[in-house]
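K.L.:
Generate coordinates for the sequence data below:
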Amino acid sequence: MEKLAIDGGTPTRTTPFASWPIAGELELELLKEVLESGKWGGAAGAAKAGYEPKLPALERKFAELQDAAYAVSVVNGTVAITVAL
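P.N.:
Numbering: from 1, shown residues only. Here you go, the predicted structure:
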């Protein structure tokens, strides 16, 4: 059996992980749009005309990616477990 990397064996990963979070101009623009909208959370209507709330759009897209009819976002894992129960 080969030695584990911690014991002097060859590491599985030889290149460093990418820096995180990865953000560029698109992420900055989307964040600015949300901050300026006056709607930081929840699924209620938009504060500004022409602004599509991000949460319902995210849930629709996530449901599509999972081939599901619906998706419900929650704030953390504890709430997710509660909703699942």
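K.L.:
Next one: the most centrally placed residue in the chain from residue 26, what distance?
P.N.:
Note on the chain: the residue nearest the mean C-alpha position is residue 58, at 9.1 Å, using Cα atoms, centre = their mean. Here the criterion is Cβ to Cβ, to the nearest Å. By it, residue 58 lies 15 Å from residue 26. (Glycine included, C-beta is placed from N, CA and C.)
K.L.:
Repeat that for residue 9.
P.N.:
41 Å.
K.L.:
out of those two, which sits in the busier spot?
P.N.:
residue 9 (11 against 8; other Cβ atoms under 10 Å).
K.L.:
which residues does that one contact?
P.N.:
2, 3 (Cβ atoms under 8 Å, 6 or more residues apart in numbering).
K.L.:
Three-state assignment for it, please.
P.N.:
Per DSSP: H, G, I helix; E, B strand; the rest coil, the secondary structure class of residue 9 is coil.
K.L.:
any low-confidence regions in the protein?
P.N.:
Across the chain, the ranges flagged by pLDDT under 70 are 40-52.
K.L.:
Sounds good, over and out.
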